Structure formats: structure tokens, C-alpha cells
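[1] the sequence isn't on hand, but the structure is:
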């Protein structure tokens, strides 16, 4: 198939399937895998042989490990030594032995069973890290534990290549050298004695560390001075490809070498630039890798032995889950975190394809069994996002089944409150502190248990409860209060509370926090006396600071912000009558924006630096006072 046509098929499959999978909550990885199955030789057969594409796509895993290395400083790596060599080593040994034991029970010779155990002990670096990234777990304890295991697995492949040939029980059809691709590559030192191979590895690692520390930085500095962005990107790719090649030559994992190079450059001043330049290649190549994995799933084999394959996949994932969960708990992880790590790493890995090919060539595993195991590994990789989704849903159901420990709300002994504050998060706290500092008594309601516990530790009296419940509001003293301030984090509940309170207490002053203009209009329509968009004043304050940093005197910057505030609020009031009429609102918004820009520019022009040394703009002040008086008069008329 012509290269351009093949590229068209791959890109088209990704563009169609991945957004659909994301919309369905399945994640991008599963989208890529499904795309690969559909276009692969065992379904629609839109692409040819996967071998060449797979070799190219596996470079995505190399780039992924390089980028991860850039995020891990040497001190951090040392801090993770327990996760890498303790938890990671225990996982490889424990899983290998567990799978080998089950394989022997199924009738395999111990040599073959041990080889199968080592092959299936590997997990998918690309899929695990990508899935954890999407779930937001990469940077936490779950991500660190998973990463430590995956890194140790990369290291473990080296002794596996040496150990597996000693387990041969079958006359090898063709003696394969070291496997190609992600795992090993044709080693240039394979013919050397063991001591020379070990020395070669040490020299290669030393070259990567020394070169990264003393040679690469001056090169990047020289390229940066030339200000040629594309050459900097080319140099970054050159470093990754060069290090991967060096590692491959001495029989090490290219991905491991790329990770080492990233760690060396983690403290470099060019770290962020390297991440930015290489990130797009990582995404594209990893996507291509997942598609090739999906295309490699032999649907004919699945159809011919469905029960055997289902048993293998479920058995593999179930057994690995149990081993990983037990080890994680043994190493002190909480049950929830241990289950997350186990669910994420329960599949087979990319190295399994390499090791299976190697074991067939070395006469360790028969070709038929290897083909079945290859299909099982590919299917388990495809099921990883599903396993994570299943884990999340089960965890959520278990959380819901556990009775919530509601803190003691206590009696409402706040006296006769002037104000009821519903919601005491980052917004409500500031408002409440200001009012308290000025001598007003307030009763605070919040439904976030963790927030209440934290606030009580700081000496704040906060009552637990859903403020939308009218009985709770009455108990809190809303009938005697002068004002209700709604500062909830939930948009819909904010509207519901405003509407309920207005109907029950027509004379109560209700102030509410709004997300944006649309939410503000909604709150006003449901009875709020006034609203404040939560980010408006903060953004205006930051803009005022920016003007001062750009050379404006403080009073000029504050005056400019005041003029902007006045025009924005006028625009807000002018558009309020057409709120709810979508087309009319959009047209009126456009006209209002143009009018506001003209008026704003005219008012700001009065603040020219040469006008009375930047004195206060009295004309604008008079105009603002006049508008304020008109608004106050209109409000009083409405009240009467």
C-alpha cells in the first residue's frame, strides 16, 4: 500500500474514533485501539502488514519515557527507590512465579511455564501512563507506584534476555538474535564475553550521563542563540534518537535510555523548551502505537478459540490484579490506592510481543502458544481503559454504600444572626470575614464535610447542612436575619436556593455569587437583589496591578479600572431585558460591545498622562455619581 494512502487510513481512523471514544467516557487509548481493530488485517483490512509500522510507532514509547525523565530530577528518583526496587522488584518476581504456578497446573513444563510467567509479568508503559494521565492520577501516590513498577520492568528485561534461552525445551526453528523494536534491538555486543558486555553497558550509561551534563547543554545554548526553532526541535529529536540507539547497541531498552537522558536534562534550563517541542511527536506516535496494537489483535484466532482466549485474558488480568493488590497493601498503600495500581497494571505489555518473538526463536515457547498469548496480551491492553472505568464505578458504588460520617451540627447558638451565609468556600470565606470584622453576626452553612472539619480546626463555627432545605434555614434563623448571602459551589443549587428563599421571604435581601453573565441574569430573574460574578473583581484588580506595572500611577490605574467597571455594569443592565431571547441577546451583545468600546475609549482618553499630571477625572466622577443616584432612585421606586 502506498505510504500516503496508509497515512490517510491511520489518521482518518484516529480522527473519527478517538473523539467518539472520549465522548462516551472510554478515553483516547481505547479509541485508538478500537480504530486499530477496525482497520486491521483481521477486520476491514484497510492496512497491510503491521511490523514496519510497529517499529516506527514504538518510538512513541521512547519519547514518552524521555518526557517523563524530564519531569523526574535525580533526587526524586532516589526518593522513589523503594517504589522502583522494592515494590517493582517484588511485582516482577511475584507475578512471574504466580503465573508460572498456574501455567504448571494447566500442564505446561516448568521451563515453559516460567518463561510465560516472565513474559506476562510485563505491563504496558504507554497505556498505563496515558490512562493515569487522563484520570489525573499520574502525579499522586498511584502514579508514582505505577511508574516505579514500570521502570523496574524495563530494567528486568535485560536479565530476561539472558535467562530465557536457558529454558529452551524445543528445537528452535530459527535462532533469533536479540529481539528488535521496543525491547532490545540487534545488540553489537552480543558476541562478547559477559564481562565485556557489562563493561559496554557501563560505558554507554556513562556516556549518556556525561554527555547530557557536559556536552548537550552547550550545544543547546549555541542553537538557542541562533533563534531557529525548527533546529532546536531537530536537536531535541536527535538527542532522543541518539541515546535510544546507543542503548540498543549494548542490548539495553531504548526507552530506558531515553528516560535516563531525560533525568540528566531534568535540571537543565532548556527543560521546558524540550518538553514543548517534543510533546506533539509523543502524542502522534503513541496514538499510532495503540492503533498498531489494535490492528494486531487476531480476530480469527479469537473467533476460533473464544472461550480459551477469554479465559486467558480474564485469568491474566485477575491474577495480576490480586498479586499487585496484595503487594501494594504489603508496602503500606491504602486499599483504594492499591486497587487503582492493580487495575492500571493488570494487562500485558509491549515487551511481551518482543519477548514472545524472542522465546519462539530460542525454542522456549511453541509458535501456537505464542500466537495465543500475543492475542491475549493485545486484548488485555485494549481492556485496560475499561478496567479503570469499572474500578472507578465500583469504588464510587462502595463509597456511596458507606454511611457518611456527618459532623455534629450542634444547635444554632449564633444568637440573632444579621446574615445567613450559604457556602463557605474560597468565595464565602472572604465575604464572611469582611462582615464579621465590621461587627455583623453571621450563621454559616456548608455541606462539604472536609471543608467544615478544616474550618473548625481554625476556630471557625460552621454548621453542616444543605442550605436549600427550608427547615434548616428556618432553624438557622433566616426569619430574623436581614440578609442571605448565597456562595455555593453548585450553579443549579445556587439558583434553586435563591428562588426558594425569595418565595418564602419576600422582604429578605438576597445577594448571590454568579459564575458569569448568564448565571447572573438567571439569579436576578429568580429573585436575587444583587449578584457578583466571582472572577470579575479579581480580574479587574489584576488588570489594575498590570497597568501600574506598565507605568500608570496608582490613582490613574484605579480610575481606569473604575471606568471599565462602570461601563461593564451599564452594559450588563442594558442587556438584561433581552436575556432569555437567544438571537436577540446575541445581536444586542454585539451592539453593546461596540458601543462600550467607543465610550470606554473616550473616557480613558481623558486619563492621558499629560492631563494635570494624571489627576482624577472629575467629569467621569460626576457622570458615575449621577448614574449611581439614578439606579438608587429606581431601586427605591421598585421597593415602594
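    Arrived safely, thanks for sending. This structure is a prediction, so every number in the text was calculated from the model and none was measured.
[2] skipping adjacent residues, who's closest to residue 379 in space?
    residue 313 (5.0 Å; C-beta to C-beta, 6 or more residues apart in numbering). In short, each C-beta sits where N, CA and C put it, glycine included.
[3] pLDDT (mean, whole number) over the host helix or strand of that neighbour?
    According to DSSP states H and E, residue 313 maps onto helix 306-330. Helix 306-330 shows a mean pLDDT of 91.
[4] ok, and what's touching it?
    87, 90-91, 94-95, 98-99, 102, 120-121, 123, 145, 149, 301-302, 335, 337-339, 341-343, 345-348, 372-373, 375-377, 379-380, 383, 387 (C-beta atoms under 8 Å, 6 or more residues apart in numbering).
[5] recalculate using a threshold of 7 Å.
    Helix 306-330 has contacts (C-beta atoms under 7 Å, 6 or more residues apart in numbering) with 87, 90-91, 94-95, 98-99, 102, 120, 145, 302, 335, 337-339, 341-343, 345-348, 372, 375-376, 379-380, 383, 387.
[6] can you flag the buried ones in the residues you listed?
    For these, a burial check counting by 16 or more other C-beta atoms under 10 Å picks out 87, 90-91, 94-95, 98-99, 102, 120, 145, 302, 337-339, 341-343, 345-348, 372, 375-376, 379-380, 383, 387.
[7] what's the neighbour count on residue 191?
    9 (other C-beta atoms under 10 Å).
[8] contact partners for the nearest residue to residue 281 once chain neighbours are set aside?
    Among residues not flanking residue 281 along the chain, residue 63 sits closest, at 5.6 Å (C-beta to C-beta, 6+ apart). Residue 63 makes contact with 240, 278, 281-282, 285, according to C-beta under 7 Å, 6+ apart.
[9] could you say which helix or strand holds residue 63?
    Using DSSP H and E, residue 63 falls in helix 59-71.
[10] show me what counts as buried in that helix.
    59-70.
[11] again, but for stretch 240-255
    The neighbour-count check on stretch 240-255 (16+ other C-beta under 10 Å) flags 240, 242-244, 246-255 as buried.
[12] what two of these are the furthest from one another?
    240 and 251 (18.9 Å; C-beta to C-beta).
[13] burial count for the residue nearest to residue 379?
    Neighbour tally, residue 313, other C-beta under 10 Å: 21.
[14] pretty sure residue 478 is touching residue 421, no?
    No: between residue 478 and residue 421 there is no contact, the gap being 11.2 Å when judged by C-beta atoms under 7 Å.
[15] looking at those two, which is more packed in?
    More crowded of residue 478 and residue 421, by other C-beta under 10 Å: residue 421, with 27 against 23.
[16] look up phi and psi at that one.
    Per-residue torsions, residue 421: phi -110, psi 120 (degrees, to the nearest 10).
[17] just use 42 as the starting number from now, easier for me
    With the count now opening at 42, the last piece we talked about shows up as residue 462.
[18] now for it: which residues touch it?
    Here residue 462 is in contact with 469, 472-473, 483, 485, 526, 528 (C-beta under 7 Å, 6+ apart).
[19] out of these, who's nearest residue 51?
    Comparing the contacts of residue 462 against residue 51 with C-beta to C-beta places residue 528 closest, at 50.0 Å.
[20] number of nearby residues for that closest one?
    25.
[21] contact partners for it?
    Going by C-beta under 7 Å, 6+ apart, the list of residues near residue 528 reads 462-464, 466, 468-469, 472, 554.
[22] of these, the lowest pLDDT goes to which?
    Minimum confidence in the contacts of residue 528 sits at residue 466, scoring 82.
[23] grab the nearest non-local neighbour of it.
    residue 530 (5.6 Å).
[24] how about residue 185?
    Per C-beta to C-beta, 6+ apart, closest to residue 185 is residue 124, 5.8 Å.
[25] that neighbour contacts residue 186, doesn't it?
    Yes: with contact defined as C-beta under 7 Å, residue 124 and residue 186 form a contacting pair (5.4 Å).
[26] ok, and the most crowded of the contacts of residue 528?
    Per-residue neighbour counts (other C-beta under 10 Å) across the contacts of residue 528 peak at residue 463, which has 30 neighbours.
[27] which residues does that residue form beta bridges with?
    Here residue 463 sits in beta bridges with residue 486, residue 527, as judged by DSSP bridges.
[28] ok, now which ones touch it?
    Going by C-beta under 7 Å, 6+ apart, residue 463 touches 486, 508, 525-529, 538.
[29] tell me the least confident of these?
    Ranked by pLDDT, these bottom out at residue 508 (82).
[30] burial count for that residue?
    28.
[31] return the residues in contact with it.
    Taking C-beta under 7 Å, 6+ apart as the criterion, residue 508 is in contact with 463, 486, 514, 529, 538.
[32] residues contacting the second one?
    Listed by C-beta under 7 Å, 6+ apart, the contact set of residue 486 reads 461, 463, 504, 506, 508, 513, 517.
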